[in-house]
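Q: Requesting a structural model of the entry that follows:
(2 chains)
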Amino acid sequence: MPHATIDALPATALMPPRPTVRDPAWRARVFWTLAGLALLWPMGVLTEFKPWVLLEPGALKPALNFVGAFFPPRTDAEFLALLLRETWRTVAMATAGLTLALLLAIPLSLLSVRVLSLSGLAGRMTLGAAVMRQCVRWLLLVLRSVPELVWALVFVRVVGLGPTSGVLAIALTYSGMLGKVYADILESGDAHATSSLMRNGSGRLQAFFYGLLPQNAAELTSYTVYRWECAIRSSAVLGFVGAGGLGQLMDSSMKMFNGAEVASILLVFMALVWLADRMSSALRKNLG
Amino acid sequence: MKTVLHAVTGHHPSAKPGTAPAVRAVSLRVGAGEQLAIIGPSGAGKTTLLHLIACALKPTAGSLLLDGHDPWHQSRRARLALQKLRGTLFLAPQVPPLPLRQRVVTAVLAGRLPHESLWASLRSLFYPQDIARAHQALAGFDMGDKLFDRVDRLSGGERQRVGLARALVSQASLLLVDEPLSALDPTRSKLAIDTLTRAARERGATLIATLHHVDMALAHFPRIVGLRNGEVAFDLPTMQVTAAHLQALYAQHLHELTGPASAEADELPSAPVPVVMHCR
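A: As a prediction, this is how the structure comes out:
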């Protein structure tokens, strides 16, 4: 009987040997978790992060009052007409700004992409090509490190109050962001198709249109639509410094503590973001 | 294209510095219009050798002459001429370099880019300018019906044949084909190699192919170069290649000689990968 023979064996023979080897990554994992917490603590102190202040009755009451005034949102015809006009202006501002940004970002990202380097095809890039790419990267960095709000304050002084300064501000900051991320997307994908085309003698732009672009089109599109969504939000902030659109409307409503108007404006923002989201997923489905 | 290699040494493109070269002091002389197959066990340096001839890789020692020109000459004019020279040779890598979301017709016609203006190639993206030529090239590989399909709907073997059709539409006078049959079944392999050799013969182009299938190489190529450990083991007309040559070439790798592994033959087309949105 097989049972009998197994029972006869000493119990330890059936057990797997106890693992004496310990996970070597364990110590490092504990160390970095603790180190992360230790680094976060002074930051919390520095930013005076005291979430319990939110729950103190003195602070809670006016905030709840303001939020309570959000309901019901203002929906009379006169305000809706104004809202529609300003919404249209905001969309136009974001779209125009993004289009201008694209005009700058596309050539700059093409100039900075390492995959499209001919000298980099066999071994190292030549010095000139590498320096040129680094300079373009720095230019993109300068463009995007100045916040659009600062650009808008500059342009409000140049071209006066109104959407034009908003458009120019969005164009400059967003060209820096788009150019950088486009270049990153183009470089992170599989370069095999592109480099093969160039190795067989195609020009760089031809290799871009026949290899790099079809490879990355869906991701580029989806990122562009996402940035359009961000531009709409940005235009709200720019409205506060007089660049027009929904932001300016919201600024005046806020100053008059008119929660109903603020609520309507926020609902429009949500609708616009939802629209951008739908658009992006439809485009991705078509391209993907 | 007349190709002369003199003691060419080259490292694999992704090799760490200090490692042994993948191709060591290879000398080879290939006349215009000649056809030859490079065989040898895995890791013998076949692909690196093809890349060296295709000017995709700079030799670390030795010299390469294509129609008498040294593509890696240090002068500025030679550097500018290099890209033009690359337009006259065609390297078909083992993994077909096709963007997944491209249509087959566009992928095939991309082989003509070096001989087109930028404007013509952009127009071809809106409406393919030379559908007939693409169709003819695909038909040579039994792929005529896939002309307007997207690459990601194709199986591995079909993609490989699209890559070969691209070689056919190119106007190169030196065709370098890396393992053209690795994903094809025996019938398709024979058709593919027939089409390739015929096309090269018709236009008088030189054809150099690396092959895993020794019997295919012996049956279709008049000249065989055996490569082992990065060195030329033999370079003979096919008639003079004996079983002893092959035994010596594949010593310790005999399984590769007896049964060419075509493991990835015609797997099912995979579903298109959804695009991932990176939040940046």
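Q: Every contact and neighbour count from this point should use C-alpha atoms.
A: Noted.
Q: Quick one: name whatever helix or strand follows the helix or strand where A:Pro42 lies.
A: Per DSSP states H and E, A:Pro42 falls inside helix A:26-46. Stepping forward along the backbone from helix A:26-46, the first helix or strand reached (DSSP H and E) is helix A:57-68.
Q: And the residue lying closest to B:Ala139 once chain neighbours are set aside, how close does it get to A:Pro42?
A: Of all residues not flanking B:Ala139 in the chain, B:Asp145 sits nearest, at 8.0 Å (C-alpha to C-alpha, 6 or more residues apart in numbering or on different chains). B:Asp145 sits 66 Å away from A:Pro42, going by C-alpha to C-alpha, to the nearest Å.
Q: Also A:Pro72?
A: 42 Å.
Q: Pull the contacting residues for whichever residue of the stretch 51-200 of chain A sits closest to chain B.
A: Proximity of the stretch 51-200 of chain A to chain B (C-alpha to the nearest C-alpha) peaks at A:Ala193, 4.2 Å away. Taking C-alpha atoms under 8 Å, 6 or more residues apart in numbering or on different chains, we find A:Ala193 in contact with A:Gly211, A:Leu212, B:Pro97, B:Leu98, B:Pro99.
Q: could those be laid out in TSV, adding distance to A:Ala243?
A: Formatted as TSV, the contacts of A:Ala193 follow (distance: C-alpha to C-alpha, whole Å):
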residue	distance to A:Ala243
A:Gly211	41
A:Leu212	38
B:Pro97	48
B:Leu98	47
B:Pro99	43
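Q: Show me which of those residues are buried.
A: Buried positions within the contacts of A:Ala193, assessed by neighbour count (16 or more other C-alpha atoms under 10 Å in any protein chain shown), are A:Gly211, A:Leu212, B:Pro97, B:Leu98, B:Pro99.
Q: Contact partners for the spatially most central residue of chain B?
A: Per C-alpha atoms, centre = their mean, the C-alpha nearest to the average position across chain B is that of B:Val177, at 2.0 Å. Listed by C-alpha under 8 Å, 6+ apart, the contact set of B:Val177 reads B:Leu50, B:Leu91, B:Ala92, B:Pro93, B:Gln94, B:Leu207, B:Ile208, B:Ala209, B:Thr210.
Q: Also B:Lys146?
A: B:Lys146 sits next to B:Val104 when contact means C-alpha under 8 Å, 6+ apart.
Q: Could you do A:Ser234 as well?
A: Neighbouring residues of A:Ser234 by C-alpha under 8 Å, 6+ apart: A:Glu148, A:Ile170.
Q: Just the pLDDT for it.
A: Reported pLDDT at A:Ser234 in the predicted model: 87.
Q: Same check on the one 4 residues further on?
A: Model confidence at A:Leu238, given as pLDDT, is 87.
Q: quick one: it and A:Gly166 touch, right?
A: Yes: when contacts are counted by C-alpha atoms under 8 Å, A:Leu238 is listed as touching A:Gly166 (6.2 Å).
Q: if I look at the two, which residues touch both of them?
A: Contacts common to A:Leu238 and A:Gly166, judged by C-alpha under 8 Å, 6+ apart, are A:Ala152, A:Gly244.
Q: tell me which parts of the stretch 1-150 of chain A are close to chain B?
A: A:Leu121, A:Ala122, A:Gly123 (C-alpha under 8 Å from any C-alpha of the partner chain).
Q: so which of the residues you listed is the most crowded?
A: For the residues of the stretch 1-150 of chain A next to chain B, the largest neighbour count, defined by other C-alpha atoms under 10 Å in any protein chain shown, is 19 neighbours, found at A:Leu121.
Q: circling back to that earlier point, tell me which two of the buried ones among the contacts of A:Ala193 sit farthest apart.
A: Using C-alpha to C-alpha, the pair of the buried ones among the contacts of A:Ala193 lying farthest apart is A:Leu212 and B:Pro97, separated by 11.1 Å.
Q: joint contacts of the two?
A: With C-alpha under 8 Å, 6+ apart, A:Leu212 and B:Pro97 have common neighbours A:Ala193, A:Thr194.
Q: Tell me the buried residues in the biggest helix by length in chain A?
A: Using DSSP state H to assign secondary structure, the helix with the most residues in chain A is helix A:77-112. Neighbour counts using 16+ other C-alpha under 10 Å place A:83, A:86-87, A:89-102, A:104-106, A:108-112 of helix A:77-112 among the buried residues.
Q: ok, A:Pro214 - how many residues close by?
A: A:Pro214 has 18 nearby residues by other C-alpha under 10 Å.
Q: doesn't it fall inside a strand?
A: No: A:Pro214 is assigned helix when assessed by DSSP: H, G, I helix; E, B strand; the rest coil, not a strand.
Q: what ranges of the chain fall below the confidence cut-off?
A: Assuming you mean chain A. Chain A contains residues with pLDDT under 70 at A:1-19, A:288.
Q: Chain B, not that one
A: Along chain B, segments meeting pLDDT under 70 span B:257-280.
Q: what's the distance between the nearest residue to B:Val151 once chain neighbours are set aside and B:Leu64?
A: Excluding the flanking residues, the one nearest B:Val151 by C-alpha to C-alpha, 6+ apart is B:Leu100, at 5.1 Å. The span separating B:Leu100 from B:Leu64 equals 35 Å under the rule C-alpha to C-alpha.
Q: again with B:His220
A: According to C-alpha to C-alpha, B:His220 stands 26 Å off from B:Leu64.
Q: A:Arg89 too?
A: Distance, A:Arg89 to B:Leu64, using C-alpha to C-alpha: 64 Å.
Q: what do you get for B:Ala44?
A: 20 Å.
Q: One more: A:Phe257?
A: Noted for A:Phe257: a distance of 79 Å to B:Leu64, by C-alpha to C-alpha.
Q: Of these two, which one has the most company?
A: Neighbour totals were compared for A:Phe257 and B:Leu64, and B:Leu64 leads with 24 against 14 (other C-alpha under 10 Å).
Q: wait, doesn't that one sit right on B:Gly10?
A: No: counting by C-alpha under 8 Å, B:Leu64 stays clear of B:Gly10, with 11.4 Å between them.
Q: Report the residue ranges of every domain in chain B.
A: Split into domains by automatic domain parsing, chain B comes to B:1-88+B:173-184+B:206-260, B:96-171.
Q: Which stretch among these is buried most, on average?
A: Most buried of the domains of chain B by mean neighbour count (mean count of other C-alpha atoms under 10 Å in any protein chain shown) is domain B:96-171; its value is a mean of 20.
Q: And that domain, end to end?
A: With C-alpha to C-alpha as the measure, domain B:96-171 spans 18 Å from end to end.
Q: Just give me how far that domain sits from the chain centre.
A: From the chain centre to the centre of domain B:96-171 is a distance of 16 Å (C-alpha atoms, centre = their mean, to the nearest Å).
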